[in-house]
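[1] Here is a sequence together with a model predicted from it:
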Protein chains: 2
Amino acid sequence: MGVIEGAIDTIKQMIIDGKLRPGQKLPVEKDLAERLGVARNTLREAVRALIAMRVLQTRQGDGTYVTSLSPDLLLDGMGFAADIHVAAGAGQFLHVRRILEPEATAMAATRIPDADLVRLGELLDEAERLVAESEIDHGKLVALDEDFHSLITSHCGNAVLAAVIQNMSGRTVRARIWRGMTDPEALQRTLREHWAIHRALLARDPERARLHAALHVLGVEESLTGSPTFGGAVDD
Amino acid sequence: MGVIEGAIDTIKQMIIDGKLRPGQKLPVEKDLAERLGVARNTLREAVRALIAMRVLQTRQGDGTYVTSLSPDLLLDGMGFAADIHVAAGAGQFLHVRRILEPEATAMAATRIPDADLVRLGELLDEAERLVAESEIDHGKLVALDEDFHSLITSHCGNAVLAAVIQNMSGRTVRARIWRGMTDPEALQRTLREHWAIHRALLARDPERARLHAALHVLGVEESLTGSPTFGGAVDD
DNA sequence: GAAGCATATTCATCGGGTCAATTGGAGTCT
DNA sequence: AGACTCCAATTGACCCGATGAATATGCTTC
């Protein structure tokens, strides 16, 4: 095993063993390199790898710190994986999302605060205004879509679940989906599905929320793979 | 944005744009550093970050290559996240696994080859021999457990789904679970659940497979959180 | 043609250096 | 006292050059 990998594992182990706690500051590069018996450049490469894993964080002029190590942080490297496969197999990522998101939405039905339900309605209102315009800003639509879903799933009570869902459709995938919706009818259908989910949450009805979420993601999946949709949106 | 981050993004973008394809060799460090306008050490830190993301791979004396970029590779960094939270919130990871694994097991019921069904039976036979011994080798049990589940989920037809499930219970979590099973009855129950899943797969019955997988993961979850199990294993 | 061998190529690691951002305290003003 | 400005120390960011180790490649030999 190389020296750098050894340094990476040593630091990792120090964290697992609790010698380094979340938020704690590491020794300065020079000292830490000396303690690990490696050159400063080598240590820097090890630190860089741990930064990529969201385990460490550096601030020039200040020092190197252990991150919060929260699941959502550690899992958010997955987004790049989804982005890379946007051309080939985005369907596989969406399939996972279709399994998880209905469950998370159902769980959120009984947990999401009233204030955030109001906020969800505002997001949808804004999306409708955008769709009504002649020149549709797809970038804003993508952002609103992401906010809508992440606001819901973030209240499912399971940070890991929320993080995995979030990363199963990276920004590139979302952008591709919405850009592909040139048909005004497709945009309207998506909005109706969002409203249906919103109504189910307002009713605090997990089963309705689960079904509408499942149908929604399925619709997105089918619009991407080009397979025929069956029946369009439901209206409850 | 720092110089290193810029170099990382540039290489990433080259991959997304298809200028760098899976398996392709990168220019030598000296040339690539010059082309990106950074020092060699700086480029190495960028490359090291991409290695941590499983995007690049280096071989001393040969060169630096783009990996296969397969989803299972890009997603396997999650395992560390699960391991770090083994003490605090392993339950959240297991919950995600409980949502996904039943689905994957059901999907595998109609896809797994006969030969692998035989192999599954052999794994279970071996596990039973281990459990029958006086001095139980928990390490081998963990390995057999991992082989059993990954052999099934790898045939679910969705590499992303399989990879996510695999990473939702890292090796540390699995080891902790099996080490906690000091009660012989708990071991027996787990084995019975495995056999039940096996029988459902042999019958090519997705729904039975789904239910037994769900019950099994739930049992694991409850044994870890210490909540009371309800009724023990079913026998179909 | 196959096997060994020498050599070039390439990444791994090291040690040093300068630059830039942040911090914390000394000193000053209100 | 309290807030503010300013400066120096600290610390990571980034660069340069050099040596070592692993691999590939072309050559030699049989």
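    Looks like it arrived, so ask away.

[2] The residue lying closest to A:Glu128 once chain neighbours are set aside: helix or strand, and which one exactly?
    Ranked by CB to CB, 6 or more residues apart in numbering or on different chains and with sequence neighbours excluded, the top spatial neighbour of A:Glu128 is A:Leu191, at 6.2 Å. Heads up, the C-betas are built off the backbone N, CA and C, glycines and all. Following DSSP states H and E, one finds A:Leu191 within helix A:184-202.

[3] re the thing from before, pull up the gap between the residue nearest to A:Glu128 and DNA strand D, please.
    Distance check for A:Leu191 against DNA strand D: by CB to the nearest atom of the strand, to the nearest Å, it reads 43 Å.

[4] Also A:Leu69?
    Counting by CB to the nearest atom of the strand, the gap from A:Leu69 to DNA strand D is 19 Å.

[5] Where does the prediction get shaky in chain A?
    Applying pLDDT under 70 to chain A flags residues A:86-89, A:226-236.

[6] same thing but 80
    In the predicted model, chain A carries pLDDT under 80 at residues A:77, A:79, A:82-90, A:134, A:170-173, A:176-177, A:179-184, A:224-236.

[7] The closest residue to A:Arg208 other than its chain neighbours: neighbour count?
    In space, and not counting its chain neighbours, A:Arg208 is closest to A:Ala200: 3.8 Å by CB to CB, 6+ apart. By other CB atoms under 10 Å in any protein chain shown, the residues close to A:Ala200 number 22.

[8] Isn't A:Ala200 up against A:His216?
    No: assessed by CB atoms under 8 Å, A:Ala200 is found out of contact with A:His216, at 10.9 Å.

[9] How about the contacts made by the residue at minimal distance from the centre of chain A?
    For chain A, the residue nearest the mean C-alpha position is A:Gln166 (2.1 Å; CA atoms, centre = their mean). By CB atoms under 8 Å, 6 or more residues apart in numbering or on different chains, A:Gln166 lies in contact with A:72, A:76, A:79, A:150, A:153.

[10] top of those by neighbour count?
    Highest neighbour count within the contacts of A:Gln166: A:Thr153, with 25 neighbours (other CB under 10 Å).

[11] Now that it has come up, it's in contact with A:Glu101, right?
    Yes: at 6.7 Å, A:Thr153 counts as touching A:Glu101 under the criterion of CB under 8 Å.

[12] Need the residues touching each of these two.
    Common contacts of A:Thr153 and A:Glu101 (CB under 8 Å, 6+ apart): A:Ile165.

[13] What parts of chain A come near DNA strand C?
    For chain A, the contact set with DNA strand C under CB under 7 Å from any atom of the strand comprises A:2-5, A:37-42, A:45, A:59-62.

[14] can you tell me which of the residues you listed are in helices?
    With DSSP state H as the criterion, helices contain A:3-5, A:40-42, A:45 from among the residues of chain A next to DNA strand C.

[15] Using CSV, lay out these together with neighbour count.
    Below are those laid out as CSV (neighbours: other CB atoms under 10 Å in any protein chain shown):
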residue, neighbour count
A:Val3, 15
A:Ile4, 21
A:Glu5, 13
A:Arg40, 12
A:Asn41, 13
A:Thr42, 19
A:Glu45, 25
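
[16] what's the closest of those residues to DNA strand D?
    Nearest to DNA strand D out of those is A:Asn41 (CB to the nearest atom of the strand; 5.6 Å).

[17] Once you drop chain neighbours, what's closest to that closest one?
    Excluding the flanking residues, the one nearest A:Asn41 by CB to CB, 6+ apart is B:Asn41, at 5.7 Å.

[18] domain parsing for chain A?
    By the assignment in automatic domain parsing, chain A contains the domains A:3-68, A:73-225.

[19] Now do the strands in chain A.
    Along chain A, the stretches classed as strands by DSSP state E are A:56-59, A:63-66.

[20] Mind listing what's buried along stretch A:112-121?
    Using 16 or more other CB atoms under 10 Å in any protein chain shown as the test for burial, stretch A:112-121 gives A:112, A:116-117, A:120.

[21] for the closest residue to A:Thr172 other than its chain neighbours, what are its contacts?
    Using CB to CB, 6+ apart and skipping residues adjacent in sequence, the residue nearest A:Thr172 is A:Asp83, 4.2 Å away. For A:Asp83, the contacting residues are A:170-173, B:16, by CB under 8 Å, 6+ apart.

[22] What's the separation between the residue nearest to A:Asn41 and A:Lys140?
    Look at B:Asn41 and A:Lys140: by CB to CB, to the nearest Å, they are 41 Å apart.

[23] which among the buried residues of stretch A:112-121 gets closest to chain B?
    Ranked by distance to chain B (CB to the nearest CB), these are led by A:Ile112 at 17.9 Å.

[24] That closest one reaches A:Thr153, doesn't it?
    No: the pair A:Ile112 / A:Thr153 is not scored as a contact, 9.8 Å apart, by CB under 8 Å.

[25] Those residues of chain A touching DNA strand D, which are they?
    Residues of chain A lying close to DNA strand D by CB under 7 Å from any atom of the strand are A:26, A:28-30, A:40-41, A:44, A:47, A:58-64.

[26] give me that answer again for 6 Å
    Listed as neighbours of DNA strand D in chain A under the rule CB under 6 Å from any atom of the strand: A:28-29, A:41, A:58, A:60-61, A:63-64.
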